[in-house]
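Undergrad: Sharing a model prediction with you, sequence too.
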Amino acid sequence: MNEPLKILNQSNELVSPELSDTVTLTTLDKAIDMLSTIVSPIANLARSNSVWPLTFGTSCCAIEMMCVGMSAFDISRFGSEVFRATPRQADLILTAGTITRKMASALITLYEQLPEPKYVIAMGACTITGGMFNDSYSVVQGVDRLIPVDVYLPGCPPRPEAILDALLKLQQKIRTENYAKRRLKGYDQRPVRYVDYDSGRPMEDLLAMAMEETKEVLTKQDNDNTK
Amino acid sequence: MTEKPAEKTEVKLEIGRFGKFLQDNGIKSKRQSDSNNVETIVIDAKDLEPAMRLLKTSSETTLNFLLCVSGVDYADKIDSVYHLWSYEHNDALVIKVELPKNNMTNTQTPCMSSISNFWPAANWHERETYDLVGIRYLKHPYLRRILNPWDWEGHPLRRDYKQLIDALNDKNPHSFR
């Protein structure tokens, strides 16, 4: 027996299954949508000409990334010379190099720490499919399995001109964007949970355990002193 | 027609210089064919620690530089291999310890004693060998995985290791794309 699905919206009203995947726009959303059609082209022009990449390199692609910053190719002609050492100030990750399973969690953390709007260029064969390490036990077969990718840049490693081309493609993409649409696609950022490497347990749990233990020891000492 | 596999003819090798030295000090060893003109000997797991101490400190050998500790997975046994080097005499020696696999599965690991208590250079090498080949070094001060994440299952360089197929790697491992 296949019963029809009962889907409720936010105010507990029954919604027909055909409409279940449509998004209900609030008045605030509508206002933002209207505003963004005016603001977005201007904001996007400014944004696309100052895409600051993150200094993120895990292998040989990073050498080409350094090369593109030097005077021969000079990425600063397109406003992206400011390689930031912290994700909080960056807009773009050029995933330069092979991503292993051990690096995967760090890459996800970095991506989540980037402020919106954020972009990813999957640079090199390794980050697109795993490259020549495709069948290796430790290599992630493409960063698109971890984070959303905007531009795929093939090559092993790609020439600096190719990086500039990918950047220009990304700039074109940014110019055609609409802020309101991007906002609807986004998700709530969750706080990063630090995990103890040896036991695999969250640090906050371990801290709470340690606090309890110290409390017990201190109360024991107090009791002994009063006796 | 089924041909019988040719029986391995073991050539009796003469005892080498380091083998003679160990024999004089009461440690039995078996010589194998040289690897790159470096003497290769096989010794028992229980004789490893005294032999290493002797070879390291004796003025006759002074093999006081541990190049590498590695593991090899054969069909019937797992070897733990130690490469030693002497700067003073410009000498080298390869020591192997054979650990038989008696119907061992991938979850079980062969055990032998660690040498990192008196030779700190072996510490990370033994951790790496444990991580990839799965030899459990007893009495090691901190035997944990060093290259793979802490929650890795199995030892990747074993013969019977099955590659994990999950969200990060869901392609057919036999495909030749």
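TA: It's in. Numbering: from 1, shown residues only, chains lettered A, B, ... in the order given.
Undergrad: contacts, neighbours, all on C-alpha from now
TA: Fine.
Undergrad: those strands in chain A, which residues are they?
TA: With strands called from DSSP state E, chain A shows them at A:7-8, A:14-15, A:92-96, A:119-123, A:151-153.
Undergrad: I'd like those strands laid out as CSV, including distance to chain B.
TA: Formatted as CSV, these follow (distance: least, Cα to the nearest Cα, whole Å):
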stretch, distance to chain B
strand A:7-8, 29
strand A:14-15, 33
strand A:92-96, 16
strand A:119-123, 15
strand A:151-153, 18
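Undergrad: In CSV, list these along with mean neighbour count and mean pLDDT.
TA: Formatted as CSV, those follow (neighbours: other Cα atoms under 10 Å in any protein chain shown; pLDDT from 0 to 100):
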stretch, mean neighbour count, mean pLDDT
strand A:7-8, 13, 62
strand A:14-15, 13, 64
strand A:92-96, 26, 92
strand A:119-123, 25, 93
strand A:151-153, 18, 93
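Undergrad: Nearest to residue B:134, out of those?
TA: Relative to residue B:134, the nearest member of the strands of chain A by Cα to Cα is strand A:92-96, separated by 31.9 Å.
Undergrad: quick one: contacts of that closest one?
TA: A:51-62, A:65, A:111, A:118-124, A:127 (Cα atoms under 8 Å, 6 or more residues apart in numbering or on different chains).
Undergrad: any weak-confidence spans in chain A?
TA: By pLDDT under 70, the low-scoring segments of chain A are A:1-25, A:186-193, A:197-200.
Undergrad: Any chance of the backbone angles for residue B:112?
TA: Dihedral pair for residue B:112: phi -160, psi 170, per degrees, to the nearest 10.
Undergrad: Strands along chain B, start to end?
TA: B:30-35, B:38-43, B:65-73, B:77-86, B:91-100, B:111-113, B:136-138.
Undergrad: Residue A:41: which of those strands is closest?
TA: Of all these, it is strand B:65-73 that lies closest to residue A:41, at 60.1 Å by Cα to Cα.
Undergrad: Can you report how many residues neighbour residue A:136?
TA: By the criterion of other Cα atoms under 10 Å in any protein chain shown, residue A:136 has 16 neighbours.
Undergrad: Would you mind measuring from it to chain B?
TA: Look at residue A:136 and chain B: by Cα to the nearest Cα, to the nearest Å, they are 8 Å apart.
Undergrad: who touches that residue in this structure?
TA: Residue A:136 makes contact with no residue, according to Cα under 8 Å, 6+ apart.
Undergrad: just how off-centre is stretch B:34-43 within its chain?
TA: In terms of Cα atoms, centre = their mean, to the nearest Å, the centre of stretch B:34-43 is set 13 Å apart from its chain centre.
Undergrad: Name the residues that touch it?
TA: Applying Cα under 8 Å, 6+ apart, the contact partners of stretch B:34-43 are B:16, B:18-19, B:28-33, B:92-98.
Undergrad: Mind exporting the C-alpha coordinates of it to CSV?
TA: Extracted C-alpha coordinates of stretch B:34-43, given in CSV (Å, rounded to 0.1, in the frame of the first residue of the first chain):
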residue,chain,number,x,y,z
ASP,B,34,73.0,-9.9,-1.5
SER,B,35,70.9,-6.9,-2.4
ASN,B,36,73.0,-4.4,-4.3
ASN,B,37,76.2,-5.9,-2.9
VAL,B,38,75.0,-5.4,0.6
GLU,B,39,75.1,-8.4,2.9
THR,B,40,71.6,-9.6,3.8
ILE,B,41,70.9,-11.8,6.8
VAL,B,42,67.7,-13.2,8.4
ILE,B,43,67.6,-13.5,12.2
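Undergrad: residues of that stretch that come out buried?
TA: B:39-43 (16 or more other Cα atoms under 10 Å in any protein chain shown).
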